[in-house]
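Asker: the following comprises the amino acid sequence and a computationally predicted model.
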Amino acid sequence: MSFQQGLSGLSAASQSLEAIGHNVANANTVGFKQSQVQFSDIYAGTLTGSGGNQIGIGTQVARVAQLFSQGNVSKSDNPLDMAISGNGFFRMSTNGAISYTRNGQFTLSKEGYIENAAGARLTGYMADANGVVAIGAPTEIIINKADLMPEATSSYELKLTLDSRKGNLVAADFDPTDPTTFSDSTSAPVYDSLGNVHTLRTFYVKTAGGEWSVFATNDGVPVDTGSTPQGLIGTMSFNEGGVLTTTPSTMTVPMEVTTGAYTPYNIVIDHAGTQQFAQDFGVSRQLPNGYAAGTLVDFSVSNNGEIVGRYTNGQVNVLGQVILSNFANPNGLQNIGENQWVETAESGVPMTSTPGSSGLGAVQSGRIEESNVDLTAELVNMITAQRYYQANAQTIKTQDQILQTLVNLR
């Protein structure tokens with residue numbers, strides 16, 4: 001009697017219900033990928049080969065495949081949370097053991113490591129003090145909370161519009177404390193090697209129709225360039241169209257600091273683009289570099305995985321870079337629970353690179369990838385699996401009735 005077909009059908013339907021139940025239970029699990037039970041038929045082997053007369057003996061579970069389709073991406077209130085939009089897995093390390101996950105819910109440990117709820121640490125590339133990412137062997141990412149070192153000002157882009165209507169003055173009469181000895185001026189904060197801020201003020205003295213002398217003071221004191229009069233750092237000439245003709249357009253300002261320990265330094269002012277017109281004095285570009293020391297305030301992750309820190313001095317600096325891994329056969333990965341998979345021979349070796357490259361997806365900061373379980377579809381599948389179970393139970397009942405009929409023959 002063919003009880004075997006019914007029994008195999010009951011077993012298959014039961015395992016299908018287990019997979020459906022697992023999917024439903026993880027409908028709210030971040031980064032979860034639903035499972036799908038796939039079946040195959042069973043035929044008894046024969047030595048002679050019965051051809052078209054062969055009857056199958058039931059069904060079996062061929063494999064339980066995971067569907068790695070993209071889940072919905074939703075906003076998170078945790079800035080450390082990350083979602084992968086596209087292919088790839090976060091590469092995690094647990095005491096050196098590597099695993100992979102799509103769950104990007106991360107926190108910062110007391111040591112500064114980015115880790116998940118299971119204690120696995122996110123891996124990637126670290127950056128040096130200058131924000132240069134060292135691409136090489138992936139390592140556990142640790143957030144460097146050290147202060148950002150100060151940088152002395154070395155260049156100063158300054159684009160002006162000078163008023164050609166101003167009267168001519170005598171450069172030798174320049175006095176930074178007397179506004180009648182210069183035509184216009186502007187100032188900007190600059191920094192020495194220790195991050196102390198100083199005020200660099202530049203003065204413009206019109207000496208002829210298209211001729212201007214440029215002076216500078218450091219914290220109110222004329223700079224010493226060895227030129228006469230004191231504080232003179234250069235001259236500028238303009239043609240009849242008001243275009244600067246002096247080349248090069250740069251002037252060097254020696255900075256001497258009298259308070260605290262410091263390193264004397266020079267600032268190169270570039271007046272490229274400065275013009276002379278019959279209009280009021282104006283500043284259209286004023287960009288000195290350099291900054292004071294800064295303390296890390298917070299950090300965020302860009303789409304390409306760069307971890308960018310923001311400091312109290314207004315500067316930003318790259319602290320590291322998140323990497324992603326992908327596999328030729330993701331279904332070959334072994335699920336070890338806690339939203340993590342490990343590499344197997346069937347999955348192939350991982351292809352690891354930065355987000356957005358080599359076919360890998362982008363990383364979205366402050367986002368999470370929801371489970372890809374479709375509850376409506378799972379509930380329909382549950383009804384279908386239940387009917388399969390009932391139908392297979394009915395075949396066993398029918399076979400039992402037939403057997404009872406044979407037993408009752410006289």
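Answerer: Everything's here; your move. Fair warning: this is a prediction, and the values are worked out from it, not measured in the lab. Numbering: from 1, shown residues only.
Asker: give me the contacts around stretch 293-305.
Answerer: For stretch 293-305, the external contacting residues (Cβ atoms under 8 Å, 6 or more residues apart in numbering) are 79, 82, 124, 143-150, 195, 307-315, 319, 321-324, 354-357, 362-366. In short, each C-beta sits where N, CA and C put it, glycine included.
Asker: I'd like to know which of those are buried.
Answerer: Buried by 16 or more other Cβ atoms under 10 Å: 82, 124, 143-144, 148, 150, 195, 307-311, 313, 315, 319, 321-324, 354-356, 362-365, out of those.
Asker: residue 20 belongs to a strand?
Answerer: No: under DSSP: H, G, I helix; E, B strand; the rest coil, residue 20 sits outside any strand and is assigned helix.
Asker: my read is that it contacts residue 386, right?
Answerer: No: applying Cβ atoms under 8 Å as the test, residue 20 and residue 386 come out as separate, 9.7 Å apart.
Asker: the two - which one has more neighbours?
Answerer: In this comparison of residue 20 against residue 386, neighbours counted by other Cβ atoms under 10 Å, the higher total goes to residue 20 at 25 against 14.
Asker: pull out the buried residues from the top helix by length along the chain.
Answerer: If you go by DSSP state H, the chain has its longest helix at helix 375-407. Using 16+ other Cβ under 10 Å as the test for burial, helix 375-407 gives 378, 381, 382, 385, 388, 389, 392, 395, 396, 399.
Asker: of the residues you listed, closest to residue 136?
Answerer: Ranked by distance to residue 136 (Cβ to Cβ), these are led by residue 378 at 43.9 Å.
Asker: tell me the domain boundaries of this protein?
Answerer: Domain assignment for the chain by automatic domain parsing gives 3-68+372-407, 73-144+313-369, 155-288.
Asker: least reliable of these going by mean pLDDT?
Answerer: Ranked by mean pLDDT, the domains of the chain bottom out at domain 3-68+372-407, which scores a mean of 85.
Asker: chain center to that one: distance?
Answerer: Chain-centre distance of domain 3-68+372-407: 44 Å, with Cα atoms, centre = their mean, to the nearest Å.
Asker: start and end of that domain, how far apart?
Answerer: As for domain 3-68+372-407, its first-to-last residue distance stands at 16 Å under the measure Cα to Cα, to the nearest Å.
Asker: kindly report the same for stretch 211-230.
Answerer: 18 Å.
Asker: chain center to that stretch: distance?
Answerer: Computed by Cα atoms, centre = their mean, the chain-centroid distance of stretch 211-230 equals 46 Å.
Asker: and the helices in the stretch 1-150 of the chain?
Answerer: Using DSSP state H, counting those that start in this stretch, the helices found in the stretch 1-150 of the chain span residues 3-25.
Asker: give the buried residues for stretch 187-202.
Answerer: 188, 190, 191, 192, 193, 195, 196, 198, 200, 201, 202.
Asker: repeat that for stretch 86-95.
Answerer: The neighbour-count check on stretch 86-95 (16+ other Cβ under 10 Å) flags 87, 88, 89, 90, 91, 92, 93, 94 as buried.
Asker: alright, that wraps it up for me.
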